[in-house]
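Peer 1: please work out how this folds:
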Amino acid sequence: MKPTNSRVHLSRRVLLGTLAALPTLIPPLCLLSSPANAQTEQLPSWNDGPTKASITDFVRRVTTQGGPDFVAPAERIAVFDNDGTLWVEQPMYVQLAFVLDRVKALAPQNPGWKTKQPFKAVLDGDLRALAASGEQGLMQLVGTTHAGMTSEEFAKVASDWLATARHPRFKRPYTELVYQPMLELLAYLRANGFKTYIASGGGVEFMRPWTDRVYGIPPEQVIGSSIKTQFEMRDGRPVIFRLPQINFIDDKVGKPIGINQHIGRRPIAAFGNSDGDLEMLQWTTMSGGVRFGLIVHHTDAEREYAYDRDSHFGKLDKALDAAAVNKWTVVDMKKDWKKVFAFQE
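Peer 2: Okay, the predicted model is just below:
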């Protein structure tokens with residue numbers, strides 16, 4: 001079963017470059033497993049088998065004091081993609097859903113949008129026409145919905161949206177659509193001395209306000225794409241003003257660059273789900289010593305979605321082939337996970 005977005009192609013690089021930074025509402029604490037629990041129960045939402053064993057064996061090897069593969073705690077760095085690795089990315093990226101909804105909300109104050117592209121494409125629900133507008137069209141939408149305001153003003157706009165927005169299939173807030181097995185994995189690694197980072201193509205300001213509450217990852221351990229900002233004094237008050245210009249795209253080759261600039265250490269473990277994570281996995285694992293790479297393969301159309309090589313969001317093609325060559329662990333979501341989301345029995 002393929003996801004419903006197969007009718008239109010939106011370049012991930014263009015999309016992530018133009019939807020770079022989106023602060024959001026801080027969600028409730030109910031989704032995060034405690035480190036002690038995760039360590040004691042040994043990944044309870046993971047089925048026993050070679051996939052789970054590859055994780056626990058790696059952790060055992062690098063944490064065994066005096067063992068040949070021991071890694072000092074300061075060097076136990078693990079990096080995680082976000083979209084499709086830690087939370088849902090179908091039928092479209094959450095940031096794109098925000099843009100589309102925001103354009104519709106502003107349309108009554110902008111009647112000319114009914115005949116002006118790319119706004120007309122959004123209002124008509126014509127994603128093919130939107131894709132045809134390319135980077136210039138998406139930048140225009142971002143300039144309207146993401147930039148031209150202070151960081152505080154934008155946080156309020158985004159928070160108000162996230163408070164009411166619901167996933168079209170699951171009818172739940174997007175921050176509830178995080179993968180329970182991955183929450184347990186994050187907690188399990190931290191309980192064993194790892195420092196966990198997010199390295200995502202999504203907007204860094206989009207993620208930082210809520211990652212600590214949902215994933216246990218504080219803002220300073222989040223790496224992502226960004227738009228340009230500038231410091232200003234307005235009415236005697238210092239503000240950060242958001243500009244409709246790309247600053248950095250943390251996707252594909254950008255991921256190892258962002259990791260190197262932000263962390264200053266090469267990770268020993270990397271977790272992704274798409275071709276956008278290929279270079280991050282290569283940078284992490286192809287450098288000698290004990291290394292671990294994992295790809296989440298979406299194979300469960302019933303509990304979530306099934307997609308890989310032909311998907312326009314989260315395409316997994318080159319990285320899936322590379323996994324076999326480089327002996328990365330590939331999670332079969334349908335087979336390896338007892339549950340996908342916390343609310344599922």
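Peer 1: how about the helices in the stretch 101-250 of the chain?
Peer 2: According to DSSP state H, counting those that start in this stretch, the stretch 101-250 of the chain carries its helices in the segments 119-124, 127-132, 134-145, 151-164, 180-191, 204-215.
Peer 1: show me the one of those that comes nearest Asn326.
Peer 2: When the helices of the stretch 101-250 of the chain are compared by Cβ to Cβ, helix 180-191 sits nearest Asn326, at 19.7 Å. To be clear about C-beta, it is placed using only N, CA and C from the backbone, and glycine gets the same treatment.
Peer 1: CA atoms of that closest one as CSV?
Peer 2: Taking C-alpha atoms only, helix 180-191 is exported to CSV below (Å, rounded to 0.1, in the frame of the first residue of the first chain):
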residue,chain,number,x,y,z
GLN,A,180,6.8,4.6,21.0
PRO,A,181,9.7,2.2,20.2
MET,A,182,11.9,5.1,19.3
LEU,A,183,11.1,6.9,22.5
GLU,A,184,12.2,3.8,24.4
LEU,A,185,15.4,3.6,22.3
LEU,A,186,16.2,7.2,23.1
ALA,A,187,15.7,6.6,26.9
TYR,A,188,17.6,3.3,26.7
LEU,A,189,20.7,5.0,25.1
ARG,A,190,20.7,7.8,27.6
ALA,A,191,20.4,5.3,30.5
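Peer 1: just the angle between that helix and helix 204-215, please?
Peer 2: With axes from the mean of the first three to the mean of the last three Cα atoms, to 10 degrees applied, the angle from helix 180-191 to helix 204-215 works out at 80 degrees.
Peer 1: could you measure from Ala132 over to Val142?
Peer 2: Per Cβ to Cβ, to the nearest Å, Ala132 is found 17 Å from Val142.
Peer 1: again, but for Ile223
Peer 2: Distance, Ile223 to Val142, by Cβ to Cβ: 20 Å.
Peer 1: where does the prediction get shaky in the stretch 1-150 of the chain?
Peer 2: For the stretch 1-150 of the chain, applying pLDDT under 70 flags the ranges 1-41.
Peer 1: now the strands for the stretch 201-345 of the chain?
Peer 2: In the stretch 201-345 of the chain, the strands defined using DSSP state E, counting those that start in this stretch lie at 222-234, 237-248, 269-272, 292-297, 329-332.
Peer 1: what about the closest residue to Pro256 other than its chain neighbours, neighbour count?
Peer 2: With sequence-adjacent residues excluded and distances taken as Cβ to Cβ, 6 or more residues apart in numbering, Pro256 is closest to Trp283, at 3.7 Å. Number of residues near Trp283 (other Cβ atoms under 10 Å) recorded here: 20.
Peer 1: identify the residues contacting Trp283.
Peer 2: Contact analysis of Trp283 by Cβ atoms under 8 Å, 6 or more residues apart in numbering lists Lys255, Pro256, Ile259, Arg266, Pro267, Ala270.
Peer 1: follow-up on the earlier one: Ile77: which of the helices of the stretch 101-250 of the chain is closest?
Peer 2: Nearest to Ile77, of the helices of the stretch 101-250 of the chain and by Cβ to Cβ, is helix 180-191 at 10.1 Å.
Peer 1: that older thread, most tightly packed of the strands of the stretch 201-345 of the chain?
Peer 2: Mean neighbour count, computed with mean count of other Cβ atoms under 10 Å, is highest for strand 269-272 among the strands of the stretch 201-345 of the chain, reaching a mean of 30.
Peer 1: in CSV, could you pull the C-alpha coordinates for that strand?
Peer 2: Presented in CSV, the C-alpha positions along strand 269-272 are these (Å, rounded to 0.1, in the frame of the first residue of the first chain):
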residue,chain,number,x,y,z
ALA,A,269,25.4,5.8,16.2
ALA,A,270,23.0,7.2,13.7
PHE,A,271,19.3,6.6,13.1
GLY,A,272,17.3,7.6,10.0
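Peer 1: who are the packing partners of it?
Peer 2: strand 77-80, helix 180-191, helix 278-285, strand 292-297 (3 or more Cβ pairs under 8 Å, 6 or more residues apart in numbering; DSSP states H and E).
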